[in-house]
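Enquirer: From the sequence below, what's the structure:
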Amino acid sequence: MVFSGGKVLNRTFQLQRFLSSASSASSLSSAAKLQRQKNLEKYPDLKEADLLVNGKPDYVKLVLTSRVYDVMDETPTTYATSLSQRLGVNVVLKREDLVPVFSFKLRGAYNMIAQLSSDRLAKGIIACSAGNHAQGVAYSAKNLDIPATIVMPVATPSIKYQNVSRLGSQVVLYGEDFDEAKAECTRLATKNGLTNIPPFDHPYIIAGQGTIAMEILRQMNINKVNAVFCPVGGGGLIAGVGVYLKRLAPHVKIIGVETYDADDLYQSLSAHKRVQLNSVGMFADGTAVKLVGEETFDVCKEVVDEVVKVSTDEICAAIKDIFEDTRSIVEPSGAMGVAGLKKYIVDHPELDHSSSTYVPILSGANMNFDRLRFVSERAVLGEGKEVFMMVVIPDHPGTFFKLQSAIHPRAVTEFSYRSDGRNNGVAHIYTSFSVIDREKELAQVMASLRKEGFDAMDISDNEMAKSHGRYLVGGSANIENERLLCFEFPERPGALTKFLKGMKTNWNLTLFHYRNHGHDIGKVLAGISVPPEDNEKFQEFLDNLGYKYNEETDNVVYQKFLLRND
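Expert: Residues are numbered from 1 along each chain as shown. Alright, predicted model coming up:
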């Protein structure tokens, strides 16, 4: 993997050096002994026979001898007819959404647990997770009839810990965040002699996920497969799939897919070392990882060809694409492979995609039903079939009709209108409308609006506008020293009340908007009047509040629609 100026460049990997170093045992004997000792100490359940001569895990052997099929059957591949025709490329979906726990995580979890000695199994296992890994561990423990403990943060939504409890595992709710829960998991493991099952950073976990690649080789003509697209969180999935395919079918490109706000593998590969993110976006919560695994990163350095990044709207569009071809709804992380495939085609116009076959992995389908409203709203933006626009028009009879005429015959999907109530004033409008050719039609509408003398702006990529501003149109005010901030807080019963208690200050709250989208993270837009002499004290207040925030005072939507300059 070579990176230049932040851009990923491909090269031929030295796979023989990484995977087949047995032939150079004499030259590597000293280093190999150290590597072997290091791995056996780090992974005490790993057997010497599981290591190559160079001391690294023999992943091909580990995949071939995996215990995954004790607990599940192979998942199918599905030809995506509609998506293939639309993109002009052969798209074959690898259906990990059909695993018994609706996620690939069962593979790695069961494989590692099944490899443990009978003594360790009898003592029990423990894991820290509020997502698919927790269900994979719990399902595995139930099938092996062993005790299991799952540690989750206190803020975990009830639906998640109830699912784990139904599988027979003990749930321990501890800590305000994942880091505190993880520390408690480690403490309980040491105290009670339990084996900690990590979510991604272990050779047996990686090998379990690698069975996906083994199935792809069996189910498809591998000579016709050009690339596999893997969602990336901690790196277990892409490491397992990549290390197996690069050994047996090195021509297949291994493409990682991350979100713009959780791109740790991309940053780590760019820096040639693991980089820890300060925070991650939580829409695709299944891949919201701040630090890629140590072992997974060592593998990824050798087998990943490229990493592409996708937005929330692009993921929503991919969820819709998958539904149209399969009538199944996957979770956001589960759709990242398809979103990344579409982005890869756009990013590489120099390639002949028409003769290519691409395999995105649908990694999971544990979707909260309440999130579907948000996904539906954003999908059309993500697929470029809708334009979201703000327009300022003169406030006199006939101008509203002229605006609608400029958009016609396109279908209007949203119109929010509010006069500012002043003489010779203006009207502020949010509008969205459907398009087929976004770039061409947007230019046509903008030209028509300019001809009428209207002030218009495309805000399809303005997150504050999409999450909050569209619901506040017409509420402009001139408030002295107002600052606008967007806060995020864990979404659970009573969370909004707790947030408001934390916001009790000597500063006046001037604007507030909250909407539940069914996420684990809630978003609030708040206006606060802060005199200039209090700026330092206010910054201290924000730092101590304990919530992630972004200042939006300079956002064009606030300046145009919510702030009135008398």
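Enquirer: Would you state the strands of the stretch 351-500 of the chain in chain order?
Expert: Assigned by DSSP state E, counting those that start in this stretch, the strands in the stretch 351-500 of the chain fall at 357-362, 386-394, 412-419, 426-434, 455-458, 482-490.
Enquirer: Reformat the ones you listed as TSV; add distance to Val530 and mean pLDDT.
Expert: Placement of C-beta: from N, CA and C, glycine included. Converted to TSV, the strands of the stretch 351-500 of the chain look like this (distance: least, C-beta to C-beta, whole Å; pLDDT from 0 to 100):
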stretch	distance to Val530	mean pLDDT
strand 357-362	47	98
strand 386-394	26	86
strand 412-419	26	72
strand 426-434	25	81
strand 455-458	27	90
strand 482-490	5	83
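Enquirer: Give me the distance between Cys128 and Val435.
Expert: 45 Å (C-beta to C-beta, to the nearest Å).
Enquirer: Can you give me every residue that contacts Phe415?
Expert: Contacts for Phe415 (C-beta atoms under 8 Å, 6 or more residues apart in numbering) come out as 429-431.
Enquirer: Mind telling me what element Gln276 is part of?
Expert: When elements are assigned from DSSP states H and E, Gln276 belongs to no helix and no strand.
Enquirer: Can you report how many residues neighbour the nearest residue to it once chain neighbours are set aside?
Expert: Nearest residue to Gln276, sequence neighbours excluded (C-beta to C-beta, 6 or more residues apart in numbering): Leu291, at 4.4 Å. Per other C-beta atoms under 10 Å, the neighbour tally for Leu291 reads 16.
Enquirer: can you give me phi and psi for Leu291?
Expert: Leu291 adopts backbone torsions of phi -140, psi 120, taken as degrees, to the nearest 10.
Enquirer: Let the chain start at 58 from now.
Expert: Noted, 58 is the first residue going forward, which turns the last one into Leu348.
Enquirer: ok, the contacts of Phe472 vs Asn592, which is closest?
Expert: Tyr487 (31.2 Å; C-beta to C-beta).
Enquirer: Go ahead and confirm the closest one touches Lys523.
Expert: No. Because the distance of 10.1 Å does not satisfy C-beta atoms under 8 Å, Tyr487 is recorded as not touching Lys523.
Enquirer: Quick check: buried residues in whatever helix or strand Arg143 lives in?
Expert: Under the criterion of DSSP H and E, Arg143 resides in helix 138-144. Within helix 138-144, the residues scored as buried using 16 or more other C-beta atoms under 10 Å are 140-141, 144.
Enquirer: just stretch 293-311 next, same as before
Expert: 293-304, 309-311.
Enquirer: Quick check: Ser215 vs Asn425, distance?
Expert: For Ser215, the distance to Asn425 - C-beta to C-beta - is 11 Å.
Enquirer: Ok, Asp611 next?
Expert: With C-beta to C-beta as the criterion, Asp611 and Asn425 are 33 Å apart.
Enquirer: ok, the buried residues of helix 138-144 vs Leu230, which is closest?
Expert: Leu140 (40.3 Å).
Enquirer: got a list of what that closest one touches?
Expert: 148, 378, 381-382, 395.
Enquirer: Whichever of these end up buried, select them in ChimeraX.
Expert: This is the ChimeraX syntax for the buried subset of those, where burial follows 16+ other C-beta under 10 Å:
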select :148,378,382,395
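Enquirer: closest to His465 among the contacts of Leu140?
Expert: Looking across those and measuring by C-beta to C-beta, the closest to His465 is Glu381, at 27.8 Å.
Enquirer: Who are the contact partners of the closest one?
Expert: Contacts of Glu381 (C-beta under 8 Å, 6+ apart): 139-140.
Enquirer: so how far is Val395 from it?
Expert: 11 Å.
Enquirer: cool, and Ala513?
Expert: 32 Å.
Enquirer: is it true that Ile312 lies in a strand?
Expert: Yes. The assignment for Ile312, made by DSSP: H, G, I helix; E, B strand; the rest coil, places it in a strand.
Enquirer: you'd agree it is up against Val285?
Expert: Yes. Counting by C-beta under 8 Å, Val285 is a contact partner of Ile312 at 6.9 Å.
Enquirer: so what sits against both of these two?
Expert: Joint contacts of Ile312 and Val285 (C-beta under 8 Å, 6+ apart) do not exist.
Enquirer: if we can go back for a sec, more neighbours: Asp611 and Asn425, which one.
Expert: The neighbour comparison of Asp611 against Asn425 (other C-beta under 10 Å) goes to Asn425, with 16 against 8.
Enquirer: just checking, Pro210 touches Glu237?
Expert: Yes. With contact defined as C-beta under 8 Å, Pro210 counts as touching Glu237 (6.9 Å).
Enquirer: Need the residues touching each of those two.
Expert: Common neighbours of Pro210 and Glu237 (C-beta under 8 Å, 6+ apart) are Tyr231.
Enquirer: Name the residue in these two with the higher neighbour count.
Expert: Pro210 (21 against 15).
Enquirer: distance of that one from Arg124?
Expert: 30 Å.
Enquirer: ok, Gly394 touching Val314?
Expert: Yes. If you go by C-beta under 8 Å, Gly394 and Val314 touch, sitting 5.9 Å apart.
Enquirer: Please list all residues in contact with Ser174.
Expert: Ser174 sits in contact with Asp102, where contact means C-beta under 8 Å, 6+ apart.
Enquirer: Count residues in the vicinity of Asp236, would you?
Expert: Asp236 has 12 nearby residues by other C-beta under 10 Å.
Enquirer: Which pLDDT value goes with it?
Expert: Note on Asp236: pLDDT of 79.
Enquirer: And for the one 4 residues further on?
Expert: The per-residue pLDDT reported for Ala240 equals 91.
Enquirer: so who does it touch?
Expert: Contacts of Ala240 (C-beta under 8 Å, 6+ apart): Gly232.
Enquirer: Could you do Glu471 as well?
Expert: By C-beta under 8 Å, 6+ apart, the neighbours of Glu471 are 445, 487-489, 527.
Enquirer: cool, Ser411 as well?
Expert: 145-146.
Enquirer: again, but for Tyr231
Expert: Contacts of Tyr231 by C-beta under 8 Å, 6+ apart are 208-211, 237-238, 241.
Enquirer: now the stretch 58-207 of the chain, which segments are flagged as low pLDDT?
Expert: 58-85 (pLDDT under 70).
Enquirer: one more time with 50
Expert: Where the stretch 58-207 of the chain drops to pLDDT under 50, the residues are 58-74, 76-83.
Enquirer: And the strands in it, which stretches?
Expert: Counting by DSSP E, counting those that start in this stretch, the strands of the stretch 58-207 of the chain are 59-61, 64-66, 134-136, 147-152, 182-185, 205-209.
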